[in-house]
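Participant: Here is the input, now give the coordinates:
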Amino acid sequence: MCWYCGSPVTDPEPIGRSLRCADCGKDLRCCRNCRFYISGGGCSESHGEIPQDKDRANFCDWFSLSPALRSAGTGEKAARDAASSAKTAFEDLFK
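Facilitator: Numbers count the residues shown, from 1 in each chain. The predicted structure is shown next:
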C-alpha cells in the first residue's frame, strides 16, 4: 500500500524513481515505502543513505519495497484526516 493513501502497490520490482502512486500521486520509491524504513525516520540497512525527505523519491541503492505494501491498508492520510476531525470537533466545543 502507498504509505500516504493506503492503495496497494501493484507495480513490479524494481520500483523506478519516477513511479508514483496511481491514486494520490506520491512517490513510490521513497524511504517510507522501503522494507528497511524504521518508524521515526531511520534506516535498518547499515549501508543505506539517509535522505532528508523520507516522503520523496531518492537514489538509494538499497531500496526494496516492503512486502506489506502489496495489499491495501489505511495509510497515513486516513490517520491525518481522523486527527484533523478530532481537532475540529474539540475546537467547536469552545465556540
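Participant: thought R17 was touching R29?
Facilitator: Yes. The criterion here is C-beta atoms under 8 Å, and R17 meets it with R29 at 5.1 Å. For every residue, glycine as well, the C-beta is placed using N, CA and C.
Participant: if you count what's nearby, which of those two comes out ahead?
Facilitator: When R17 and R29 are compared for neighbours, R29 comes out ahead with 21 against 14, by other C-beta atoms under 10 Å.
Participant: Where does pLDDT dip in this structure?
Facilitator: 48-49, 70-86 (pLDDT under 70).
Participant: on that earlier part again, got any residues that touch both of R17 and R29?
Facilitator: Applying C-beta atoms under 8 Å, 6 or more residues apart in numbering, one finds that R17 and R29 are jointly contacted by 57-58.
Participant: Tell me how many other residues surround P12.
Facilitator: Look at P12: counted by other C-beta under 10 Å, it has 7 neighbours.
Participant: Is it part of a helix or strand, or is it coil?
Facilitator: Three-state assignment for P12 (DSSP: H, G, I helix; E, B strand; the rest coil): coil.
Participant: I'd like the numbering to begin with 22 instead of 1 from here.
Facilitator: Sure, I'll start counting at 22 from here, so that last one is P33.
Participant: can you tell me how far L49 sits from F115?
Facilitator: Here L49 is placed at a distance of 41 Å from F115 (C-beta to C-beta, to the nearest Å).
Participant: neighbour count winner among those two?
Facilitator: A count of neighbours by other C-beta under 10 Å puts L49 above the other of L49 and F115, at 22 against 5.
Participant: ok, the spatially closest residue to that one that is not a sequence neighbour - contacts?
Facilitator: Spatially, and ignoring its direct neighbours in sequence, L49 is nearest to L40 (4.5 Å; C-beta to C-beta, 6 or more residues apart in numbering). Residues in contact with L40, defined by C-beta under 8 Å, 6+ apart, are 32, 48-50.
Participant: try 10 Å
Facilitator: Applying C-beta atoms under 10 Å, 6 or more residues apart in numbering, we find L40 in contact with 30, 32, 48-50, 78.
Participant: Now do the phi/psi pair for C52.
Facilitator: Reported as degrees, to the nearest 10, the phi and psi values for C52 are phi -50, psi -40.
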